[in-house]
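S.K.: Everything below, folded, please.
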Amino acid sequence: MQFRQQALARLQSPEELDLPVRFARPQGWLVLSVTVAAMAAASVWAVTGSVSSTVSAPAVLTYGQGSYVLQSPVAGQVTAVLAEEGERLPAGSPVLKVGTEQGDKVVRTLDAGRVTALAASTGQIISTGANVAAVEKVARTEAPLQATVYVPAESAAGIPAHAAVDLTVQSVPSQEYGVLHGEVTSVDRSAQSPQQIAAFLGDAQLGEQFTKKGRPVAVTVELERSSGTKSGYAWSSAEGPPFALTSMTLATGSIRLADRRPVDWLLP
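M.R.: Now for the predicted structure:
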């Protein structure tokens, strides 16, 4: 009670009225000014700025026309393997010779292309319809490589036309030679099953590998050409790797998504 009376007495004392009013110190004004300026800049950026993001997904370099699995039309024993992996062959070229009761039969390519895998060896017994080779279709010898990136379906809608793509190629040390540059040319409308991917790439294992986390969408990427590199394509380094690239080489593609305004991220 005594303290309360003393406090009231101080408030009622007239000599308290002539005390000087203490304004904010210069340091306080500086802090306030900086805070206001920062808030104003953040507000302007939230309305007019943009946020860039990327999506990374597995990719493979191909000639873009797909592959097919060559099957034996006859049953018998493989007496000779007439082609080699990596070899380019015209349509109707011999791949295997199979000994049957009616004599030797030759298994030939259906379309021109490059033999990416041989599933039969000399002496092996095969049945009618057995898979004996995978052939990647290549219409022209000078046809350029392109990349197919298998992007998660939920991210595909955010990929704009002509989006920039950086490809980290599995067989190329990125620390030394950098990444491969490309540009999106098309985005599929629907997600792909393991069977569809396997049919296009001619490899069932890749079909399973690319769909482990769900059915992806295939994004086609045109590789940027360059006459100043050994590979013939543009890299983040000046010269790129000192060797040519081959199809069916695995990579990881990093695709730049459409820019989004920050306010879109902040609003619920």
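
S.K.: For the chain, which segments count as strands?
M.R.: Using DSSP state E, the strands found in the chain span residues 54-62, 67-71, 76-81, 88-89, 94-100, 103-108, 113-118, 125-126, 131-137, 146-152, 164-169, 180-187, 216-223, 249-256.

S.K.: can you put the ones you listed in JSON lines and add distance to Gly158 and mean pLDDT?
M.R.: For the C-beta atoms, the positions are set from N, CA and C on the backbone; glycine is no exception. Below are those laid out as JSON lines (distance: least, C-beta to C-beta, whole Å; pLDDT from 0 to 100):
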{"stretch": "strand 54-62", "distance to Gly158": "8", "mean pLDDT": "93"}
{"stretch": "strand 67-71", "distance to Gly158": "29", "mean pLDDT": "90"}
{"stretch": "strand 76-81", "distance to Gly158": "47", "mean pLDDT": "95"}
{"stretch": "strand 88-89", "distance to Gly158": "38", "mean pLDDT": "90"}
{"stretch": "strand 94-100", "distance to Gly158": "43", "mean pLDDT": "95"}
{"stretch": "strand 103-108", "distance to Gly158": "45", "mean pLDDT": "95"}
{"stretch": "strand 113-118", "distance to Gly158": "32", "mean pLDDT": "90"}
{"stretch": "strand 125-126", "distance to Gly158": "47", "mean pLDDT": "96"}
{"stretch": "strand 131-137", "distance to Gly158": "30", "mean pLDDT": "91"}
{"stretch": "strand 146-152", "distance to Gly158": "9", "mean pLDDT": "96"}
{"stretch": "strand 164-169", "distance to Gly158": "14", "mean pLDDT": "96"}
{"stretch": "strand 180-187", "distance to Gly158": "10", "mean pLDDT": "95"}
{"stretch": "strand 216-223", "distance to Gly158": "11", "mean pLDDT": "96"}
{"stretch": "strand 249-256", "distance to Gly158": "9", "mean pLDDT": "95"}
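
S.K.: Which strand residues bridge the nearest residue to Glu101 once chain neighbours are set aside?
M.R.: With C-beta to C-beta, 6 or more residues apart in numbering as the criterion, Glu101 has its nearest non-adjacent residue at 7.8 Å, and that residue is Gly76. Using DSSP bridges, the beta-bridge partners of Gly76 come out as Ile126.

S.K.: next one: Lys137
M.R.: Note on Lys137: beta-bridge partners by DSSP bridges are Gly113.

S.K.: Surely it and Gly66 touch.
M.R.: Yes: Lys137 is within contact range of Gly66, at 5.8 Å (criterion: C-beta atoms under 8 Å).

S.K.: Can you pick out the residue with more neighbours from the two?
M.R.: Shown here are Lys137 and Gly66; by other C-beta atoms under 10 Å, Lys137 has more neighbours (20 against 15).

S.K.: and the more buried one, what is it in contact with?
M.R.: 63, 65-68, 111-113 (C-beta atoms under 8 Å, 6 or more residues apart in numbering).

S.K.: Tell me the one of those nearest Ile255?
M.R.: Tyr63 (20.7 Å; C-beta to C-beta).

S.K.: ok, the closest one - how many residues close by?
M.R.: Neighbourhood size, Tyr63 [other C-beta under 10 Å]: 19.

S.K.: now Lys213
M.R.: Residues near Lys213, counting by other C-beta under 10 Å: 9.

S.K.: Same check on Ala153?
M.R.: By the measure other C-beta under 10 Å, the count of residues near Ala153 is 15.

S.K.: out of everything not next to it in sequence, what's closest to it?
M.R.: Among residues not flanking Ala153 along the chain, Ala191 sits closest, at 4.6 Å (C-beta to C-beta, 6+ apart).

S.K.: Val184: neighbour count?
M.R.: 22.

S.K.: if I pick it, what's in contact with it?
M.R.: Val184 touches 159-163, 165, 219-222, 255, counting by C-beta under 8 Å, 6+ apart.

S.K.: do the same with Glu84
M.R.: Residues near Glu84 by C-beta under 8 Å, 6+ apart: 115, 118.
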